[in-house]
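1. generate coordinates for the sequence data below:
(chains A and B)
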There are 2 protein chains.
Amino acid sequence: MSSKTPVPAGFRGVAGNIGIKDPQDDFFAVVSEVPAHVSAVFTRSRFAGPSVLLSRRAAADGRARGVAVIARNANVATGAAGEEHAREFQERVAAAAGVPAEEILVASTGVIGRPYPMDKVRAHLDGLPGEFPAADLDRAAAAMMTTDTHPKTASARVGEATVTGIAKGVGMIEPDMATMLAWFFTDARIDQPVLDAVFRRVVDRTFNALSIDTDTSTSDSAALFANGLAGPVEPAAFEEALFGVALELVRMIAADGEGAGKLLEVRVSGARDDAQAKRVAKAVVNSPLVKTAVHGADPNWGRVAMAVGKCSDETDILPERTRILFGDVETYPAEATDEVLARAAEHMKGDEVVVSVDLGIAEGGFTAYGCDLTEGYIRINADYTT
Amino acid sequence: MSSKTPVPAGFRGVAGNIGIKDPQDDFFAVVSEVPAHVSAVFTRSRFAGPSVLLSRRAAADGRARGVAVIARNANVATGAAGEEHAREFQERVAAAAGVPAEEILVASTGVIGRPYPMDKVRAHLDGLPGEFPAADLDRAAAAMMTTDTHPKTASARVGEATVTGIAKGVGMIEPDMATMLAWFFTDARIDQPVLDAVFRRVVDRTFNALSIDTDTSTSDSAALFANGLAGPVEPAAFEEALFGVALELVRMIAADGEGAGKLLEVRVSGARDDAQAKRVAKAVVNSPLVKTAVHGADPNWGRVAMAVGKCSDETDILPERTRILFGDVETYPAEATDEVLARAAEHMKGDEVVVSVDLGIAEGGFTAYGCDLTEGYIRINADYTT
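-> Take a look at the predicted model:
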């Protein structure tokens, strides 16, 4: 069994069905055979689950070998037993892989408020092979899906090294809360402080630029493991490769948003600084009225103006120097004639809608990613009954 | 023609059809026959229209006689001509009422980006009677409706005085952006600084506690006119009466939210202070996942926990001291057995769903008002084409 998605040197893994809910794979672990650097970011939710707390601790010293995930059960709001179960899961995976427990990150996604079926978890982990085979990252990506409609993987080469990412997430999900999980593996050799700076910059421009429905999971986690087996890389080239991989995953997640029909990309330019651009881009990409207009392929620039206007303490934003475009069609301040609106609507009928806002202040920019808001989102989230 | 909704002494008015779009009333003015105090609050949008700018100036000195509204056209993003038109509208209404222009607030709601048909506006205003008859506040409330399904009025007595409010607003609307407009008239005599403090406190607990879809109109305005003709009132009693009237209007607006099937009331208690309670209440009332769960009558307390958890820098919020209830049924941390969930679901099948969150920290509290998120919202906002 081999991974179609390239696997960087030295990453081994297992995947399988614990039987949490159905016969699909609901477990995987990927572990470096040699010590590795790690950089990781986690949800800031006040209701973060025990897996997040354990992983945050595991990643704190910048060293970790890999990650293990259980799907179909988030192990959140499960009290002291949930903490104990997460720790036991971490310890048993580490023991099977022959590495220290504190070098394994753990994550979990699915229903909340229900304990793991620990008998099944133990039985499955007891049956793992003594030595893990080469990792299958396609199977790992599939094993952590919830309402995702397809596994999400992306990979790039940088010099002699490979960087591969796998992700899941489609909104907030089945039945309680979704989770965005993203794991990156590379055999590039790169100092941990540099790795950390690169990873945080990339996450800020990719996963932190993604918004499906403004809701924040209690389990969101992303980490990058670098084991150095392919030798040193040029940090700038590595950052560019990692950015490309992360962006590809983010676009897949946005397009696979719950009920989504279209990817929505909001490009803000001409801002006072990047932070202002980010704030405006997020206001637009999150606006229910913009998202429904995108769904209806309606070049309703007034709703974009409204969403920009919500950033009310950004007093240097002035209507008279703001420009709004759908695709490359300017609808404000250019007169939105029937012909202009028809061209903008044509762009919006595609699978990828780009809304651009130029604030005309300075050089700050940011691009945010999201999706349209559809009857499908309502159906998925309203018609499920606990 | 008389108003069923009580009209405080000394308020005169006109309403009629300018012909902006259809033969329904699309204009009204209500003006006090004697000088009056005013307190007013407006949208903070950076794309606020010229009506808001004019009204803000008119209300700045605490004196104003009344308000005039045009519906079916927001006069927003209409450039220099739009500013000129708003000023002319203000001047002509004031002239017809025989009061200074700077004592009339103006507001407008409807489509944006299109100029007023000024010929029709002038023709209609030229035909107004030399002296305005007694105001008909039911007709005024109806004249400013957009996608509202019914006019919204409420009234209370306080001592010898009457306080009556009229409002419109159902989300962000047809076809571009909605507007929440609320006007209060009273014959109570009350000093302007007291009036202002009372009004701002009441608005903070009512209109600022209301959220349909997180989007903010470019035209939201609310004002309270007090002409003193009924003599002095006890400020605390007046505040209570005004709060009751405003809350009734807010509940009407929430229940009439676009596509809404249910009123959603989120009560947060036990917070560090009222500001923290407000923040948490708004996070819950605005969560698309909570709103869809309410639509589906699903007592999905995990989504409420998720929404509370989003307030990530409120580090004193701890899962272990938080309680979540639907109606009076505790679902967390009490074990959510099938029987408990069934009782919670029963509450959620009603027209008014109350979600309570006790943070267990101190005595701060806040209640927010909203509505569920339904396929109807998507239909109203996606299927309209500009």
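
2. how much space between A:Gly130 and A:Leu229?
-> Plainly put, A:Gly130 is 22 Å away from A:Leu229 if you go by CB to CB, to the nearest Å. (C-beta placed from N, C-alpha, C; glycine too.)

3. next one: A:Thr5
-> The value you get for A:Thr5 to A:Leu229, if CB to CB is used, is 18 Å.

4. quick one: neighbours of A:Lys21, just the number.
-> Using other CB atoms under 10 Å in any protein chain shown, A:Lys21 has 14 neighbouring residues.

5. hang on, isn't it packed against A:Asn73?
-> Yes - A:Lys21 lies in contact with A:Asn73 (CB atoms under 8 Å); the separation is 7.5 Å.

6. got any residues that touch both of these two?
-> A:Gly110 (CB atoms under 8 Å, 6 or more residues apart in numbering or on different chains).

7. tell me, how many residues neighbour A:Gly62?
-> A:Gly62: 15 neighbours (other CB under 10 Å).

8. count the neighbours of the closest residue to it other than its chain neighbours for me.
-> Excluding the flanking residues, the one nearest A:Gly62 by CB to CB, 6 or more residues apart in numbering or on different chains is A:Gln192, at 4.1 Å. A:Gln192 has 15 neighbouring residues, counting by other CB under 10 Å.

9. of A:Gly130 and A:Leu229, which one has the most company?
-> Ranked by neighbour count (other CB under 10 Å), A:Gly130 and A:Leu229 place A:Leu229 first, with 20 against 6.

10. where does that one sit: helix, strand or coil?
-> Three-state assignment for A:Leu229 (DSSP: H, G, I helix; E, B strand; the rest coil): coil.

11. quick one: contacts for it?
-> Listed by CB under 8 Å, 6+ apart, the contact set of A:Leu229 reads A:Pro8, A:Ala9, A:Gly10, A:Val34, A:Asp187, A:Arg189.

12. mind redoing it with 6 Å?
-> Residues near A:Leu229 by CB atoms under 6 Å, 6 or more residues apart in numbering or on different chains: A:Ala9, A:Gly10, A:Asp187.

13. I'd like to know how far the last one sits from A:Ala156.
-> Distance, A:Asp187 to A:Ala156, using CB to CB: 12 Å.

14. more neighbours: which of these two?
-> With neighbours defined as other CB under 10 Å, A:Asp187 and A:Ala156 compare such that A:Asp187 has more, 25 against 21.

15. where does A:Ala197 sit: helix, strand or coil?
-> helix.

16. tally up the residues packed near it, please.
-> The number of residues packed near A:Ala197 is 14, by other CB under 10 Å.

17. distance of it relative to A:Leu249?
-> 20 Å.

18. and for A:Val203?
-> A:Val203 is 11 Å from A:Leu249, by CB to CB.

19. neighbour count winner among those two?
-> Just comparing A:Val203 and A:Leu249: by other CB under 10 Å the higher neighbour count belongs to A:Leu249, 26 against 22.

20. would you confirm that the more buried one contacts A:Lys152?
-> Yes - counting by CB atoms under 6 Å, A:Leu249 touches A:Lys152, with 5.5 Å between them.

21. shared neighbours, those two?
-> Both A:Leu249 and A:Lys152 are contacted by A:Ala167, under the criterion CB under 6 Å, 6+ apart.

22. shaky segments in chain A?
-> A:1-2, A:170-179, A:212-218, A:383-386 (pLDDT under 70).

23. can you list the domains in it?
-> Using the TED database, the domain parsing of chain A gives A:11-256, A:263-383.

24. JSON lines please, covering those and showing distance to B:Glu103.
-> Shown next, in JSON lines, are these (distance: least, CB to CB, whole Å):
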{"stretch": "domain A:11-256", "distance to B:Glu103": "42"}
{"stretch": "domain A:263-383", "distance to B:Glu103": "27"}
